[in-house]
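>>> sequence and predicted structure are below.
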Amino acid sequence: MSKPEFLKLNDEQVRARKRRNVAIALGLLAFIALVYTVTVSRMHANNQARHEAEAAALATLERADPALPAPVQPDAPAPVTQEP
């Protein structure tokens, strides 16, 4: 088998290749930053909407029937009831 012959690049072509590689790398980094920013902003908006929906649901439950027991918050301990 013979050795494959590769094209020899001159200095100008090597510099052009490096510039092209840097441009591609910067483009990829910009795209990654854009995707990250959009993801974080959408997560923040969804989190706010969820909190607003929970607050609205809680207000609706409280207005619905005052005789109903108060809803238990997920992070609060369950109320203790004593049996007679």
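Received the coordinates, thanks.
>>> so Leu9 versus Lys18, what's the distance?
Leu9 sits at a distance of 11 Å from Lys18 (criterion: Cβ to Cβ, to the nearest Å). The C-beta positions use only the backbone N, C-alpha and C, and glycine is treated the same way.
>>> now the helices: where do they sit in this protein?
11-64 (DSSP state H).
>>> so where's it uncertain?
Under the criterion pLDDT under 70, the flagged ranges of the chain are 1, 61-62, 64-79, 83-84.
>>> the same query, at a cut-off of 90, please.
Across the chain, residues meeting the criterion (pLDDT under 90) sit at 1-7, 9, 54-84.
>>> for the residue nearest in space to the middle of it, which residues are in contact?
Nearest to the geometric centre of the chain sits Thr39, at 3.7 Å (Cα atoms, centre = their mean). Neighbouring residues of Thr39 by Cβ atoms under 8 Å, 6 or more residues apart in numbering: there are none.
>>> for Asn10, grab phi and psi.
phi -80, psi 180 (degrees, to the nearest 10).
>>> separation between it and Ala16?
According to Cβ to Cβ, Asn10 and Ala16 sit 10 Å apart.
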